[in-house]
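Participant: Let's see this in three dimensions:
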Amino acid sequence: MIHTYLGETIRFEVKYKNRTSMGITIDSYGNLEVQAPKGTPEERIHQLLEGNWDLIQQKLKEMKDRLQGPQKKVYEYGESFLYLGSAYPIQILEDQHINQDHVVFKEDRLHIFVRQRDDEKIKQALKRFYYQQCKALVEKSIANYQGNFKTKPRSIRITDSKTTWGTCDSKQQLTFNWRLAMAPQEVIDYVVIHEMCHMVHLNHDRSFWRLVGKIMPDYKEQETWLTRSGWKMTV
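Facilitator: Numbering: from 1, shown residues only. Purely as a prediction, here's the structure:
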């Protein structure tokens with residue numbers, strides 16, 4: 001079925017079930033489904049869609065962007081990069097007298113100081129910034145949650161991983177992905193708690209998740225943020 005409202009058209013499927021209320025679901029591919037009680041008039045279904053139109057359009061855009069994957073970054077003024085969960089524009093400042101290319105976050109901008117204006121040098125300066133910020137943010141989070149654990153991490157490393165946000169080995173050595181500096185603080189805290197809980201339970205059994213939930217009751221919200229937004233965390 002299709003429905004047009006405010007100049008936008010969406011396609012959707014209706015499933016009639018033994019239930020007392022209507023609901024809307026959008027899967028990871030952007031397929032929209034309305035679940036409705038048997039006998040629900042079609043007019044009420046369209047009213048439900050229009051009442052949730054802005055949210056539906058937002059979710060559909062998120063799914064479309066996610067399926068397209070990260071777009072190639074342009075290292076020019078105005079391009080934005082994530083930092084602690086928010087997108088900030090970059091400003092590039094060329095200065096041949098600086099000792100090293102670096103990034104400073106101030107006034108809601110990422111100021112990138114480089115000796116030579118070059119895309120690769122700008123990219124590497126950004127990566128160094130995220131590495132440094134991630135290490136500081138992770139160490140602060142570990143200190144905040146250490147009181148929940150009898151053992152301490154033996155080492156903390158920041159790495160460039162394409163598959164994991166963090167790891168903990170049998171020697172209580174923790175590693176974290178530098179891209180975490182792009183996530184909100186509560187998401188960073190969740191990954192830290194997750195890996196610290198592995199110091200107690202190396203697998204993902206019920207005891208592990210009970211411990212995670214005890215320390216951070218809303219951890220599933222942070223997992224959802226990573227699932228929905230992790231693909232955006234790139235330079």
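Participant: if I pick the residue of the chain most remote from its centre, what's in contact with it?
Facilitator: When distances are taken from the C-alpha mean of the chain, G39 lies farthest, 40.1 Å away, according to C-alpha atoms, centre = their mean. Neighbouring residues of G39 by C-beta atoms under 8 Å, 6 or more residues apart in numbering: Y16. All C-beta spots, glycine's among them, are computed from the backbone N, C-alpha and C.
Participant: what secondary structure does it sit in?
Facilitator: Three-state call for G39 (DSSP: H, G, I helix; E, B strand; the rest coil): coil.
Participant: now it: how far from R19?
Facilitator: Look at G39 and R19: by C-beta to C-beta, to the nearest Å, they are 11 Å apart.
Participant: got it, and H3?
Facilitator: Separation of H3 from R19 (C-beta to C-beta) stands at 21 Å.
Participant: the more surrounded of the two?
Facilitator: Comparing H3 with R19 by other C-beta atoms under 10 Å, the one with more neighbours is H3, at 18 against 13.
Participant: Might you report the residue contacts of that one?
Facilitator: Counting by C-beta under 8 Å, 6+ apart, H3 makes contact with 9-10, 12, 46, 49-50.
Participant: taking the mean pLDDT, what do you get for the helix or strand where I156 lies?
Facilitator: Following DSSP states H and E, one finds I156 within strand 155-159. The average pLDDT within strand 155-159 is 97.
Participant: Run the chain-centre distance for that strand.
Facilitator: Taking C-alpha atoms, centre = their mean, to the nearest Å, one finds strand 155-159 lying 20 Å from the centre of the chain it belongs to.
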